[in-house]
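Participant: pasted the sequence and its predicted model underneath.
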Amino acid sequence: MTLPESFSSAAPEPALTFRDPAGQLHLTADDAIRRIRPEAAEEVRAFLVSPLRRELESSGDLIPSKIADPSKDSENDPGELWLRHPRIDPISYPWEWTPAQWRAAAELTLRLAGKAIDAGWTLKDATPLNVLFSGSRPVFVDVLSFEPSDPHSTVWLAYGQFVRTFLLPLVAAKYLGWPLQASFFWRDGYEPDALYRALPGWRRLDPRLADVVTLAALLERKRAKPRAGAAPPPAADPKLARHILHKRFARLGKQIRHAAQIHADSVWSRYEQRASHYSADDMEAKQQFVRQTLDKHRPRRVLDIGANTGTYSLLAADAGAEVVALDSDTAAVETLWRTAAAQQKPITALVANIARPSPAAGWKNCEQLSLLERLMGRFDMVLLLAVIHHLILREQVPLSHIAELCAGLTRRWLVVEWVPASDPMFQEWLRGRDALYGHLTESSLTAAFAPLFRVVERSELANMRTLVLFERIPDHAELSSKRSGAA
């Protein structure tokens with residue numbers, strides 16, 4: 001794929017979509033560049049000048065689009081259309097969302113489908129992969145999913161895809177305990193028969209599952225094929241056709257809301273309320289240290305690793321930063337995202353374990369980027385509060401490896417909370433491995449980080465935990481770049 005001249009200086013990343021025959025999408029550092037083939041260009045241009053596009057972009061539901069000038073490279077077809085979209089950073093994928101985020105993305109998709117029908121268009125694709133979270137808000141990012149509708153049709157062609165990719169993963173999570181993270185292995189969603197086989201007999205009779213699981217699975221088993229004329233007949237009155245489609249969207253919305261009501265509670269989602277190893281004074285001192293650090297250094301982008309329910313992510317957002325918050329506990333992230341969404345904070349919340357990050361996926365591992373590819377080198381400050389002992393004791397990661405990871409994630413600042421071996425949590429997880437880890441001290445931390453970071457400030461809490469502000473030491477390549485820039 002040849003990029004337009006105006007983007008050729010930006011190093012493109014390997015993520016590339018190609019499954020839509022109408023076009024491809026390529027990422028640069030700041031933009032998403034969409035190349036649309038000549039046979040689809042006219043339809044896309046019609047959508048771009050439509051009132052629907054203006055309404056959806058104005059509301060923030062649809063990614064903005066600008067027509068870009070293609071390069072004069074002979075490889076480009078003169079009939080192609082090039083679009084530039086702002087890059088949403090970081091890209092997030094459905095297997096990193098909580099149930100509430102799935103619901104928000106599904107409701108956005110249904111809302112757009114309904115508005116499209118009223119405006120003479122239809123949404124031909126309905127998959128979570130067409131939605132990204134910009135901060136806490138879902139945004140639809142695929143303009144190629146819109147096409148002119150048949151005003152008499154009562155069929156939504158994307159219905160099956162919506163059920164497989166949005167609804168059935170939530171149903172499986174609610175009734176079978178299948179984690180939403182498992183959707184990573186199912187690009188086109190779950191088949192109804194897979195859920196039918198797993199559900200107990202009495203659950204298959206649930207009216208809320210009858211059409212999307214039981215009846216669909218039975219038809220699959222009988223290998224039933226639509227006969228000629230079996231499809232719903234077109235409606236003579238376009239108003240009636242729209243009414244039927246809106247009723248279908250409303251039913252899907254009701255099913256989504258019910259399926260997304262998954263009991264979300266865990267030890268970690270109530271950690272701050274039950275953390276007996278913190279006194280009120282300790283908690284206040286910790287927050288004060290982080291708040292003052294944020295106010296003093298004013299990072300533009302912050303990564304909060306092990307964010308839990310978001311206390312420090314919210315502090316960073318209040319200090320003016322865009323925040324990416326990671327935690328492996330779904331219930332904690334659910335609480336964090338709900339808070340950020342309610343307060344309209346610029347916090348992107350992801351269910352992710354930094355020690356076992358989401359891998360690259362898709363064809364040749366190039367369709368979806370790994371978590372670390374999306375995070376490396378994009379933050380002015382990283383918060384690693386009460387996380388290192390998890391990495392040491394539970395993941396058995398050496399301190400030097402943790403330092404290397406942090407140096408790759410942050411461009412400058414790193415805030416670490418060191419938990420001493422005498423701490424109750426450290427002792428609980430030590431489990432007789434004193435010879436391996438019982439000797440570790442704060443000096444072990446600073447020695448392991450010394451080749452990459454220097455200590456700027458430290459503060460010891462009454463519970464003997466220590467907060468350390470590190471500054472990253474620029475490597476030779478960065479120093480050379482800065483010097484050449486100054487010259």
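Facilitator: Happy to help now that I have it.

Participant: list the buried residues of the helix or strand containing residue 104.
Facilitator: Secondary-structure assignment from DSSP states H and E places residue 104 in helix 99-118. With burial defined by 16 or more other CB atoms under 10 Å, the residues of helix 99-118 counted as buried are 99-117. In short, each C-beta sits where N, CA and C put it, glycine included.

Participant: just stretch 345-362 next, same as before
Facilitator: 345-355, 357-358, 360-362.

Participant: list the contacts for the residue nearest to residue 170 when sequence neighbours are not counted?
Facilitator: With CB to CB, 6 or more residues apart in numbering as the measure, residue 259 is the residue that lies nearest to residue 170, at 3.7 Å, once sequence neighbours are left out. Applying CB atoms under 8 Å, 6 or more residues apart in numbering, we find residue 259 in contact with 167, 170, 171, 173, 174.

Participant: of these, closest to residue 51?
Facilitator: Within the set of the contacts of residue 259, residue 167 lies nearest residue 51; the separation is 30.0 Å, counting by CB to CB.

Participant: verify the stated contact: that closest one with residue 212.
Facilitator: Yes: at 6.0 Å, residue 167 counts as touching residue 212 under the criterion of CB atoms under 8 Å.

Participant: show me where this protein dips below the pLDDT cut-off.
Facilitator: 1-17, 70-76, 223-231, 264-277, 476-487 (pLDDT under 70).

Participant: most centrally placed residue in it?
Facilitator: When CA atoms, centre = their mean is applied to the chain, the residue found nearest the centroid is residue 92 (2.5 Å).

Participant: and the residue lying closest to that residue once chain neighbours are set aside, how many neighbours does it have?
Facilitator: Excluding its sequence neighbours, the residue lying closest to residue 92 (CB to CB, 6+ apart) is residue 133, at 5.2 Å. For residue 133, the count of nearby residues is 24 (other CB atoms under 10 Å).

Participant: Three-state assignment for residue 133, please.
Facilitator: Here residue 133 is recorded as strand under DSSP: H, G, I helix; E, B strand; the rest coil.

Participant: show me the contacts for it.
Facilitator: Contacts were defined as CB under 8 Å, 6+ apart; by that measure residue 133 touches 88, 92, 97, 101, 105, 139, 348, 349.

Participant: same deal with residue 363?
Facilitator: By CB under 8 Å, 6+ apart, the residues touching residue 363 are residue 18.

Participant: same check, this time on residue 104
Facilitator: 138, 341.

Participant: tell me the first helix or strand C-terminal of the helix or strand where residue 147 lies.
Facilitator: Taking DSSP H and E as the definition, one finds residue 147 inside strand 146-148. Sequence-wise, the next helix or strand downstream of strand 146-148 (DSSP H and E) is helix 159-162.

Participant: for that next one, enumerate the helices and strands it packs against.
Facilitator: Counting by 3 or more CB pairs under 8 Å, 6 or more residues apart in numbering; DSSP states H and E, the packing neighbours recorded for helix 159-162 are helix 99-118, helix 238-259.

Participant: give me the buried positions along that helix.
Facilitator: Those buried within helix 159-162 under the rule 16+ other CB under 10 Å are 159, 161, 162.

Participant: and of those residues, the nearest to residue 312?
Facilitator: Distances from residue 312 to those, taken by CB to CB, are shortest for residue 162, at 36.4 Å.

Participant: if I look at that closest one, how far off is residue 25?
Facilitator: For residue 162, the distance to residue 25 under the criterion CB to CB, to the nearest Å works out to 21 Å.

Participant: kindly report the same for residue 33.
Facilitator: Separation of residue 33 from residue 25 (CB to CB): 7 Å.

Participant: for residue 173, same thing?
Facilitator: Shown here: residue 173 relative to residue 25, a distance of 29 Å by CB to CB.

Participant: the helix or strand hosting residue 469: partners in the sheet, and parallel or antiparallel?
Facilitator: Secondary structure from DSSP H and E places residue 469 in strand 466-472. For strand 466-472, sheet partners with direction are given as strand 410-418 (antiparallel), strand 453-460 (antiparallel), following DSSP bridges.

Participant: adding distance to residue 82 and mean neighbour count, write the ones you listed out as JSON lines.
Facilitator: Conversion of the strands paired with strand 466-472 to JSON lines gives the following (distance: least, CB to CB, whole Å; neighbours: other CB atoms under 10 Å):
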{"stretch": "strand 410-418", "distance to residue 82": "31", "mean neighbour count": "22"}
{"stretch": "strand 453-460", "distance to residue 82": "43", "mean neighbour count": "16"}
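
Participant: residue 302 and residue 350, how far apart?
Facilitator: Counting by CB to CB, the gap from residue 302 to residue 350 is 14 Å.

Participant: my error: substitute residue 196 in the last question.
Facilitator: Distance, residue 196 to residue 350, using CB to CB: 31 Å.

Participant: swap in residue 243?
Facilitator: Applying CB to CB, one obtains 39 Å for the distance of residue 243 from residue 350.

Participant: give me the beta-bridge partners of residue 324?
Facilitator: With beta bridges defined as DSSP bridges, residue 324 has these partners: residue 303, residue 348.

Participant: how near is it to residue 450?
Facilitator: Remark: distance between residue 324 and residue 450 (CB to CB) = 27 Å.

Participant: give me the more crowded residue out of the two.
Facilitator: residue 324 (28 against 13).

Participant: the more buried one against residue 90, yeah?
Facilitator: Yes: counting by CB under 8 Å, residue 324 does reach residue 90; the two are 5.8 Å apart.

Participant: what touches both of the two?
Facilitator: What both residue 324 and residue 90 touch, as defined by CB under 8 Å, 6+ apart, is the set 348, 350, 375.

Participant: ok, the last one - contacts?
Facilitator: So that's residue 375. Residues near residue 375 by CB under 8 Å, 6+ apart: 90, 303, 324, 409.

Participant: go on, the second one?
Facilitator: Listed by CB under 8 Å, 6+ apart, the contact partners of residue 350 are 90, 92, 96, 97, 324, 325, 326, 333, 371.

Participant: returning to that earlier point: now the strand holding residue 469: buried residues?
Facilitator: Using 16+ other CB under 10 Å as the test for burial, strand 466-472 gives 466, 467, 468, 469, 470, 472.

Participant: before we move on, what about stretch 149-165?
Facilitator: Along stretch 149-165, these residues count as buried under the neighbour rule (16+ other CB under 10 Å): 149, 153, 154, 156, 158, 159, 161, 162, 163, 164, 165.
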